[in-house]
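Asks: give me the fold of what follows.
(2 chains)
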Amino acid sequence: MDIFTICLWIITLIWFIGSIIKDKKKTFGSIKMSSGMMRNMIGEIVGILFLIGLIITFIPPETIKQYLGQSNVVLSTIVSAFVGSITLIPAFVAFPLVGSLVKAGASIVPIVAFLTTLTMVGFVTFPLEKREFGMKFALVRNSLSFGFAIIIALIMGVII
Amino acid sequence: MSLILKKIKSNIFLSLVILTYIILFIFLPDKGIQSLNNSLYYIKEMLIIMPVILLLTSLIEAWVPRKTIQNSLGEGSGIKGILFSFLFGSFSAGPIYAAFPICKMLIKKGASVANIVIILSAWAVIKIPMLANEAKFLGPQFMLVRWFLTSLSIATMAIITSKIVKKVEIPMDDIITRDDAVLNVDKNFCVGCGLCVSVSPENFVMKGKKANTAKIILISEENDKIKTAIEKCPAKAIKYM
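Replies: Next comes the predicted model:
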């Protein structure tokens, strides 16, 4: 557990205890309402997590590394942005992976595109986002994120 | 049997994933085991974060007044709202789906679409532990430039999204309770006859050719004039949502 998760737990628990002392009925009433909403989400989330496990098995980090380090920068940027959108590898795996590529002299444009879509575009979380926020919201947010990831990558290629 | 079918129907996505795993275990059992092992890390992450998200969402529902969210994250919150959303998203913990219930609660309490985009994106991308990790492996300069460009992009995306997506297009039926539904005029149905404005000028205004509510009206604040306006509307465009 990282420090932020621990802080979140501590703050929330203190607030929760205060809330129970102040108004027990109101507290549990709200929990009942929120769990109603989250119960609908949890099946989908579990599905997503097992899907991520599948994706990582069939597109392992080593394969991703190959795409990122391709010599054709334009093609590899687009492919990297797509790979980043589909996979969801944890940051502590992603950064050392691309770090080694940069040290080996690979172009940073596809790497930035990959890093940015990795977190900002959620292909596997899309169905959930769609259900919770509507088709239009999910579509607009994810496609804008994809576009901006490419723009950020190009700008960084020029600056650095 | 019908109960099982119903369960499968309401969890079609999960069922498909389970089916894939079953097929995988029959034909490529070692890949199946590997996939399960990979998933374990994410399942653990979910079990650590979701209970605290549930509590936090409930506590916001119970104690944070609508006015507070409206002022700090609502449509008129301006720069302050943007900054607040960035900070809130950055100092959060957990994967992006953990932000979904909290964001929904914030929308319900009056946060704007733009600020929700900022919170969601910042939650996913700008995390302090992640930034530290990035600086370690790719250098502080790389991290700072990417962070700056990403923040700028998120703010731009928020503005664009809020122009395209209206709040009424976000499904809220799983979170709205009877007494805090807000009165709304559906622009797609409103024919602009102005009847509601003449029945109840203090609650409705004409904006362009469509009617709109003059202020935020909760269902608990309903009076006879509003009731009449809802009933008289020829397009049945006035609803609580």
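Asks: give me the element the residue nearest the centre of chain A is part of.
Replies: By Cα atoms, centre = their mean, chain A has its centre lying nearest to A:Thr119, at 3.3 Å. Assigned by DSSP states H and E, A:Thr119 belongs to helix A:108-120.
Asks: separation between A:Tyr67 and B:Ile160?
Replies: Applying Cβ to Cβ, to the nearest Å, the value for A:Tyr67 to B:Ile160 is 29 Å. In this view, the C-beta of every residue, glycine as well, is placed from N, C-alpha and C.
Asks: do the same with A:Val79
Replies: 26 Å.
Asks: give me phi/psi at B:Tyr240?
Replies: phi -90, psi 130 (degrees, to the nearest 10).
Asks: that one: neighbouring residues, count only.
Replies: 16 (other Cβ atoms under 10 Å in any protein chain shown).
Asks: is it true that it touches B:Val182?
Replies: Yes - counting by Cβ atoms under 8 Å, B:Tyr240 does reach B:Val182; the two are 6.6 Å apart.
Asks: intersection of neighbour lists for these two?
Replies: B:Ile219 (Cβ atoms under 8 Å, 6 or more residues apart in numbering or on different chains).
Asks: now do the helix or strand hosting A:Leu101, average pLDDT.
Replies: For A:Leu101, the host element (DSSP H and E) is helix A:91-103. Averaged across helix A:91-103, the pLDDT comes to 84.
Asks: so what's the gap between it and the chain middle?
Replies: On the basis of Cα atoms, centre = their mean, to the nearest Å, helix A:91-103 sits 16 Å off its chain's mean C-alpha point.
Asks: off-centre distance for the least confident helix or strand in chain A by mean pLDDT?
Replies: Here the helix or strand of chain A ranked lowest by mean pLDDT, DSSP states H and E is helix A:61-68, holding a mean of 81. The chain centroid and the centroid of helix A:61-68 are separated by 18 Å, computed with Cα atoms, centre = their mean.
Asks: likewise for stretch B:202-209?
Replies: 27 Å.
Asks: and the strands in chain B?
Replies: Here chain B has its strands, by DSSP state E, at B:183-185, B:204-207, B:210-213, B:238-240.
Asks: got CSV for the ones you listed, with mean pLDDT too?
Replies: What follows is the strands of chain B, written out as CSV (pLDDT from 0 to 100):
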stretch, mean pLDDT
strand B:183-185, 82
strand B:204-207, 87
strand B:210-213, 85
strand B:238-240, 82
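Asks: take these and write them to a markdown table, including distance to chain A.
Replies: Shown next, in a markdown table, are those (distance: least, Cβ to the nearest Cβ, whole Å):
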| stretch | distance to chain A |
| --- | --- |
| strand B:183-185 | 15 |
| strand B:204-207 | 21 |
| strand B:210-213 | 19 |
| strand B:238-240 | 17 |
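Asks: need those strands in JSON lines (columns: distance to A:Leu144).
Replies: Below are the strands of chain B laid out as JSON lines (distance: least, Cβ to Cβ, whole Å):
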{"stretch": "strand B:183-185", "distance to A:Leu144": "26"}
{"stretch": "strand B:204-207", "distance to A:Leu144": "27"}
{"stretch": "strand B:210-213", "distance to A:Leu144": "27"}
{"stretch": "strand B:238-240", "distance to A:Leu144": "30"}
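Asks: quick one, helices of the chain?
Replies: I'll assume chain A. Remark: helices assigned in chain A by DSSP state H are A:3-22, A:24-58, A:61-68, A:73-86, A:91-103, A:108-120, A:126-133, A:135-159.
Asks: chain B is the one I meant
Replies: Using DSSP H, helices in chain B cover B:2-10, B:12-27, B:29-63, B:66-73, B:78-90, B:99-108, B:113-125, B:128-138, B:140-164, B:195-199, B:224-232.
Asks: just checking, B:Leu131 touches B:Trp147?
Replies: Yes - the criterion here is Cβ under 8 Å, and B:Leu131 meets it with B:Trp147 at 6.2 Å.
Asks: next one: A:Phe126 from chain B, what distance?
Replies: As judged by Cβ to the nearest Cβ, to the nearest Å, A:Phe126 and chain B stand 11 Å apart.
Asks: again, but for A:Leu118
Replies: With Cβ to the nearest Cβ as the criterion, A:Leu118 and chain B are 9 Å apart.
Asks: what's the neighbour count on that residue?
Replies: With neighbours defined by other Cβ under 10 Å, the count for A:Leu118 comes to 26.
Asks: didn't it look like it was pressed against A:Thr87?
Replies: Yes - if you go by Cβ under 8 Å, A:Leu118 and A:Thr87 touch, sitting 7.0 Å apart.
Asks: how is chain A divided into domains?
Replies: By the assignment in automatic domain parsing, chain A contains the domains A:1-42, A:59-159.
Asks: domain ranges for chain B, per the record?
Replies: Split by automatic domain parsing, chain B gives B:14-59, B:64-169, B:178-240.
Asks: deepest-packed of the ones you listed, please.
Replies: Mean neighbours per residue, mean count of other Cβ atoms under 10 Å in any protein chain shown, is largest over the domains of chain B for domain B:64-169, with a mean of 19.
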